[in-house]
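> sequence and computational prediction follow.
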Protein chains: 2
Amino acid sequence: MARDKVITKDRPLDEREASILQAIIYEYITTGKNVGSRSFVHKYSLAVSPATVRNIMYDLESLEYLRQPHKSAGRIPTDKGYRFYVNSLLDSYDYSMKDREISVKEEAIKREVQLDKIFYVITKMLSGESHYAAVMLTPKFDFTVVKRVVLVPLDNDEILFILITRTGMVLTKKVVISSNVTQDDLHAYSKYLTGELCGYAIHEIKEQIFDRLRNEQMPGIDKEMALDIAQLAVSEYEEPNLYIEGIENLLKIPEMVEEDRLFSLLSIIEDREILRRIMTQTLETEGIRTLIGHEIDEEKVRGCSMVSASYKIGNKLVGAIGVIGPTRMDYEKVVPLVDYTGKVVTELLTKVSK
Amino acid sequence: MARDKVITKDRPLDEREASILQAIIYEYITTGKNVGSRSFVHKYSLAVSPATVRNIMYDLESLEYLRQPHKSAGRIPTDKGYRFYVNSLLDSYDYSMKDREISVKEEAIKREVQLDKIFYVITKMLSGESHYAAVMLTPKFDFTVVKRVVLVPLDNDEILFILITRTGMVLTKKVVISSNVTQDDLHAYSKYLTGELCGYAIHEIKEQIFDRLRNEQMPGIDKEMALDIAQLAVSEYEEPNLYIEGIENLLKIPEMVEEDRLFSLLSIIEDREILRRIMTQTLETEGIRTLIGHEIDEEKVRGCSMVSASYKIGNKLVGAIGVIGPTRMDYEKVVPLVDYTGKVVTELLTKVSK
DNA sequence: TATTAGCACTCGGCCATAATGAGTGCTAAT
DNA sequence: ATTAGCACTCATTATGGCCGAGTGCTAATA
């Protein structure tokens, strides 16, 4: 009669407990209401009585998977509960993308030519599909492949360095020089640099090509000057960009605009460094990553979860995408969506930069 | 004894009525609470009794400057009231910018080199200073002056058209051509176009230069082809961009997150066309423009006001900036701020494009 | 021994009621 | 024309009662 199952706080759940926990969390995620034993049993036509469920709930509460917002109020999941739920999802989740129903409008993406528009569109799409807010950390430019270099005089001591990538993206950078160069010089430099750098990714250029070129003989033009300019321009390419879209979706979620949570939201919008930090961590880990509630280690942000994934160019991790929502997020939909989108982005970028 | 001042709904206010109306609106703007006769008289140490104020309030209500949210609840301004208030402000407002205390960090702006970053910074700054949301409609590219044109081959049938402006801004555009051109051809074209277009603003080029050039003799190169490419590229320069920053400021204002208003906010964020329309109207009117409440002729947007101003390059109106906030906005601060910022932008852009 | 029925108890939500207090409109006195 | 006085209004707040959904415990049951 005595229920003595709970000996330690960390014992594994038996099968029935696990499935009931999952069902409870599912119920809470979909309805947003505390789930109580009686109506729960009724709604799911369980073969056990409410009392049994109560007992199980009691155990689950001791084990810290559930909690009561107040006495006699049904149970809601704790972060640990969500974590359990998400992990089960991940265990059973088929990463092979088969019978995928999510409609990532790949066509819409492929029609875009400017890379930065692609990033915008993907972020927008991800927020649209998920109905939460979406984030994208764009790739470091290090992995774009050079097609052509053009130098253009601006002022006496300023040159505009234009780098055209294989994908037709145009990066520009002002470079300040000390000595005078003529327009003809610049033209020769452009030709030289284009010839030497074309076909290499920027990181390769930084790491190897410059060194090699400096050791080569090159008659006719002032090679050093050309290399100086290029090196200066290439050295400090901007930080990866952070796109955030769909904040308005979060405003539509009642629990997110409740007094205290609104503050979390504000922090997310205002202090982009928080997100940048999180996304940079994601960038460093292959595959999907979920952060639930307090697992987002930011004082200012509470009651929020993130599902994020890194993406690659070739087999090098270069960026990350993610979805932000309330802890009570529809993980079951969002996890595959983010996973899938990540793969689409990988495929797309890989294709486009080869 | 009988108060028979109100004969028509549009009679002008006498001095005392006007000053009391202004004070009431000021009080409401700063506190956000309904203002009632007794405490109002007390707070402002008026030389009249609450009863007198009540009588005046009664008149002002008949004249539709004030209204009662409900019986026995003090008065709050109507849109007409705000309009009166703002107009008085504008009347007495000194446009000469003397003894200005607003800290628009001009230095921060001048340090930026990329024009699009400048736009971003200005918008951000305007939202920061006003504590509301800020909008900026960027100038049409029509008014930027060409410094140099570079054509670069991308594919067999694609050319990248690069236009460098006098300010060092780089605009790029993919152009698809039918016949084949060699790299040497493109080089010649680039030289030709740079020579002919340099120093002209894009709108001049569109309107006059092309026509002139087509009638000129030009030995040696396939002038027509070059002009076709340029005309194609220049013809459809993108829509002016719309920056919105500081939405988070609006989330901090209690009355903006009240259930129904939140919807207005969402509309503003989601449906950028609304704002674009408003800003485009502003662009067409010189100087400052205020839209109060219903004057924003958009069903979806309610309870919001906008203060906006157009800015110029030289003496041609090219863009607009603005601030969005609740109807109960601190017009007294925002109006000069927007006015001043508009002038700074004008000055800045004019200098930079001459 | 695990499950369940039964029951006392809890507590948020809802409703009605009442008290409070800031405010108004009207009237008569100044 | 202004104001004092007064009756009246009404949002807000507090109070208490009740309902319903929920729990925890215990004893009965399969």
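Yep, that arrived.
> so what's residue A:241 up against?
Going by CB atoms under 8 Å, 6 or more residues apart in numbering or on different chains, residue A:241 touches A:116, A:119, A:137, A:138. No exception for glycine: its C-beta is placed from N, CA and C like everyone else's.
> show me the two of these that sit farthest apart.
Maximum pairwise distance in the contacts of residue A:241, criterion CB to CB, is 13.2 Å, between A:116 and A:137.
> which of those two has more neighbours?
Taking neighbours as other CB atoms under 10 Å in any protein chain shown, residue A:116 and residue A:137 compare with residue A:137 leading, 26 against 12.
> before we move on, what SS does the closest residue to that one other than its chain neighbours have?
In this structure, residue A:137 finds its nearest non-sequential neighbour in residue A:279, 4.0 Å apart by CB to CB, 6 or more residues apart in numbering or on different chains. For residue A:279, the assignment made with DSSP: H, G, I helix; E, B strand; the rest coil gives helix.
> ok, now residue A:173?
Assigned state for residue A:173: strand (three-state reduction, three-state DSSP).
> which of the contacts of residue A:241 fall in strands?
Within those, residues falling in strands by DSSP state E are residue A:137.
> now, which of the contacts of residue A:241 sits nearest residue B:275?
So of these, ranked by how close each gets to residue B:275 (CB to CB), first place is residue A:116, at 21.8 Å.
> mind listing what that closest one touches?
Counting by CB under 8 Å, 6+ apart, residue A:116 makes contact with A:138, A:169, A:241.
> mind running it again at 10 Å?
By CB atoms under 10 Å, 6 or more residues apart in numbering or on different chains, residue A:116 lies in contact with A:138, A:169, A:241, A:243.
> out of the residues you listed, which end up buried?
If you count burial by 16 or more other CB atoms under 10 Å in any protein chain shown, the buried members of the contacts of residue A:116 come out as A:138, A:169, A:243.
> per-residue pLDDT, the last one?
What that stands for is residue A:243. pLDDT, residue A:243: 93.
> find the helix or strand that it is a member of.
Assigned by DSSP states H and E, residue A:243 belongs to strand A:242-245.
> look up how far DNA strand C lies from residue A:29.
Per CB to the nearest atom of the strand, to the nearest Å, residue A:29 is found 19 Å from DNA strand C.
> burial count for residue A:14?
Using other CB under 10 Å, residue A:14 has 11 neighbouring residues.
> for it, give its distance to residue B:51.
Per CB to CB, to the nearest Å, residue A:14 is found 78 Å from residue B:51.
> ditto for residue A:331
Distance from residue A:331 to residue B:51, by CB to CB: 64 Å.
> between the two, which is the more surrounded one?
Using other CB under 10 Å, the more surrounded residue of residue A:331 and residue B:51 is residue A:331, with 24 against 11.
> got a list of what the more buried one touches?
Contacts here follow CB under 10 Å, 6+ apart; on that basis residue A:331 touches A:25-26, A:29, A:82, A:85-86, A:89-90, A:290, A:292, A:305, A:307, A:323, A:325, A:338.
> looking at the residues you listed, which are in strands?
Reading strands off the contacts of residue A:331 with DSSP E, I get A:290, A:292, A:305, A:307, A:323, A:325.
> pull the contacting residues for the fourth one.
Taking CB under 10 Å, 6+ apart as the contact definition, residue A:307 lies against A:86, A:130, A:132, A:282, A:288-292, A:321-325, A:329, A:331, A:333-339.
> same question, the third one
By CB under 10 Å, 6+ apart, the residues touching residue A:305 are A:79, A:82-83, A:86, A:132, A:290-293, A:295-296, A:323-329, A:331, A:334.
> any quick PyMOL command for the buried ones out of these?
The PyMOL command for the buried members of the contacts of residue A:305 (criterion: 16+ other CB under 10 Å) is given here:
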select buried, chain A and resi 79+82+83+86+132+290+291+292+293+296+323+324+325+326+327+328+329+331+334
